[in-house]
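S.K.: Here is a sequence with its predicted model. Questions after.
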Amino acid sequence: MSKTQIDKKSLYFEEQGNKTIYYSYNTIVAIKTPVDTYVSENVWSVTTGKHLNKIEEITGSDREYRMKHKDFKDLCTKNNIYNL
C-alpha cells in the first residue's frame, strides 16, 4: 500500500480495505469507514490542525465530533490500524 499526497504540507491518505486512513506527516490522524469518519483532536502542531480541518472538509465530518486522542488511539489499536 502506498500513500497518496493530498497537499504540499505532508497530508496523505491510503486505502486499507474499505477504510481510508489519513496521515499528517507519518502519523495517523483520521479514519474514514463506509459508516463514519473518525478524526482525532489536535495534540500536535498548527500544521496538523490545518490537516484535520482539510480532512473534515474532504469527508464532510464536523469538527465538533473530533475524538479525544486516547480514544482515537484505542480505536486504531482495536481495528489493527498502525503507522507503517
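M.R.: Good, I have the coordinates.

S.K.: Count the neighbours of residue 46 for me.
M.R.: A count of nearby residues for residue 46, using other Cβ atoms under 10 Å, gives 8. (Glycine included, C-beta is placed from N, CA and C.)

S.K.: Please name the nearest non-neighbouring residue to residue 5.
M.R.: Nearest residue to residue 5 in three dimensions, chain neighbours excluded: residue 12, at 5.4 Å (Cβ to Cβ, 6 or more residues apart in numbering).

S.K.: Residue 24 and residue 13 touch, don't they?
M.R.: No. In this structure, residue 24 is not within contact of residue 13 by Cβ atoms under 8 Å, at 10.7 Å.

S.K.: rewinding a little: surely the residue nearest to residue 5 is in a strand?
M.R.: Yes. Read with DSSP: H, G, I helix; E, B strand; the rest coil, residue 12 is one of the residues of a strand.

S.K.: Who is it paired with across the strands?
M.R.: Using DSSP bridges, the beta-bridge partners of residue 12 come out as residue 5, residue 23.

S.K.: In contact with it, which residues are there?
M.R.: By Cβ atoms under 8 Å, 6 or more residues apart in numbering, the contact set of residue 12 is 3-6, 22-23.

S.K.: Which of those residues sits closest to residue 61?
M.R.: Closest approach between the contacts of residue 12 and residue 61, by Cβ to Cβ: residue 22, at 10.7 Å.
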